[in-house]
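A.B. asks: No letters, just coordinates:
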DNA sequence: GTCTATAATCAGATAGAC
DNA sequence: GTCTATCTGATTATAGAC
């Protein structure tokens, strides 16, 4: 189709990986270039500026993440209850964040650091993602819930997005962390023992 | 006692306020100085470098936040149940984050952006804070909880710390957000209606 | 303790050869 | 499409007067 030069692809992948681990400010073009097998000025053949490159990484990350979650949830078929769908989304989100794919972890790590104007544009790109969560949450909400669904969504996403910042492979697997997140959000900390899931 | 020059105090206060709203990278010494009623080079009479100043703001913020939460919880007296103590801490934490005091919001906003070495030192200063939460959580945990208490603490603090990034005064007050956070964490999203508190 | 210069640094960005 | 220079700009930091 279009010629998505492999150079461009390598730069985007390298950028996501460095951003994920170092954050925006500590991410230097020289390091991105190194990961892509070239030198810093070569990046400018593919991207007009560092900002443009970073913004593309953010947009790709949001797209990949949204698509991944939707695929996981919808792939479970039409038999799932609203609560099971919400649980599946939570699990998919956390597992993707903790996976080898740098897309979503880069976004989670860097979003707060973005310059204001870029943050506004990236936030606009979140619309599909936000709407999907909103629908999942509204569908799963109990009748007379005293919890505001927007507040619940903000708290939920923030909680999940924090996982990469403190998770280290060891005792618990990513899948286990994901289950804990779902249990915690859906059932609460005071809910105990023997839960079906 | 010691002569904590009012200049130093003004710089720290101004720095916390700018950091809270702009994040680390966008916080310029010139703006901190402006808020303190002086020019940028004057800061160097009080602090050896920007890093040293920022680190002091972080340490102060952690200290203030920890002390505030402890005072609120312990001030409620010895009659509180473990769950009520945990709830009081959650509410105090969110209310402090959303208050006029810039201490804790500055930490929540900036922590992820800190350079690695400083982050390590700041993290060490979190020990008192972390231990307090750990104890509150362990005391309130149900007998056979299937939720890891460390994971619960990480998710809880991350969720609470996100509030300043999306909360805007309007419909819901800070106190209401704080209650929602406590309900959500303790009882879960699926818990509905009429909750005692 | 604060100011007016001015230096030093660093990283993003550009020019132009190959 | 990538390289080797080089430039630019912004910001931290220093020197030294007041």
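C.D. replies: Happy to help now that I have it. Worth saying up front: this structure is predicted, and the values here are computed from it rather than measured.
A.B. asks: Just give the nearest non-adjacent residue to the spatially most central residue of chain A, would you?
C.D. replies: Nearest to the geometric centre of chain A sits residue A:104, at 3.3 Å (C-alpha atoms, centre = their mean). Of all residues beyond its chain neighbours, the one nearest residue A:104 is residue A:65 (3.9 Å), with distances taken as C-beta to C-beta, 6 or more residues apart in numbering or on different chains. Just so you know, the C-beta spots here come from the backbone N, C-alpha and C atoms, and that holds for glycine as well.
A.B. asks: Same question for residue A:35.
C.D. replies: Here the residue nearest residue A:35, using C-beta to C-beta, 6+ apart, is residue A:14, at 3.2 Å.
A.B. asks: Tell me, how many residues neighbour that neighbour?
C.D. replies: The number of residues packed near residue A:14 is 22, by other C-beta atoms under 10 Å in any protein chain shown.
A.B. asks: what sits against it?
C.D. replies: Contact partners of residue A:14, counting by C-beta atoms under 8 Å, 6 or more residues apart in numbering or on different chains, are A:32, A:33, A:34, A:35, A:36.
A.B. asks: for it, helix, strand, or coil?
C.D. replies: With DSSP: H, G, I helix; E, B strand; the rest coil as the basis, residue A:14 sits in helix.
A.B. asks: Distance check, it against chain B.
C.D. replies: 20 Å (C-beta to the nearest C-beta, to the nearest Å).
A.B. asks: again with residue A:139
C.D. replies: For residue A:139, the distance to chain B - C-beta to the nearest C-beta - is 12 Å.
A.B. asks: Next up, phi/psi of the residue of chain A positioned farthest from its centre, please.
C.D. replies: Relative to the mean C-alpha coordinate of chain A, counting by C-alpha atoms, centre = their mean, the farthest residue is residue A:144 (30.2 Å). Backbone torsions of residue A:144, given as degrees, to the nearest 10, read phi -110, psi 40.
A.B. asks: ditto for residue A:98
C.D. replies: phi -90, psi 0.
A.B. asks: So for the top helix by length along chain A, what gets flagged as buried?
C.D. replies: Using DSSP state H to define each element, chain A has its longest helix at helix A:50-74. Using 16 or more other C-beta atoms under 10 Å in any protein chain shown as the test for burial, helix A:50-74 gives A:50, A:53-58, A:60-62, A:64-66, A:68-69, A:72-73.
A.B. asks: anything in it near DNA strand C?
C.D. replies: Yes: judged by C-beta under 7 Å from any atom of the strand, helix A:50-74 comes into contact with DNA strand C through A:50, A:51.
A.B. asks: just stretch A:26-40 next, same as before
C.D. replies: Yes: Stretch A:26-40 lies within reach of DNA strand C by C-beta under 7 Å from any atom of the strand, at A:27, A:28, A:29, A:30, A:40.
A.B. asks: Name the nearest residue to the fourth one, ignoring sequence neighbours.
C.D. replies: In this structure, residue A:30 finds its nearest non-sequential neighbour in residue A:40, 4.6 Å apart by C-beta to C-beta, 6+ apart.
A.B. asks: sorry, back to before: may I ask which two of the residues of stretch A:26-40 next to DNA strand C are separated the most?
C.D. replies: Farthest-apart pair in the residues of stretch A:26-40 next to DNA strand C is A:27 and A:40; separation 12.0 Å (C-beta to C-beta).
A.B. asks: which of those two has more neighbours?
C.D. replies: residue A:27 (25 against 14).
A.B. asks: so the more buried one touches residue A:15, yeah?
C.D. replies: Yes: under the criterion of C-beta atoms under 8 Å, residue A:27 makes contact with residue A:15 at 7.3 Å.
A.B. asks: Now do the shared contacts for the two.
C.D. replies: residue A:54.
A.B. asks: pLDDT of the one helix or strand residue A:158 maps to, averaged?
C.D. replies: Per DSSP states H and E, residue A:158 falls inside helix A:149-161. Averaging pLDDT along helix A:149-161 yields 98.
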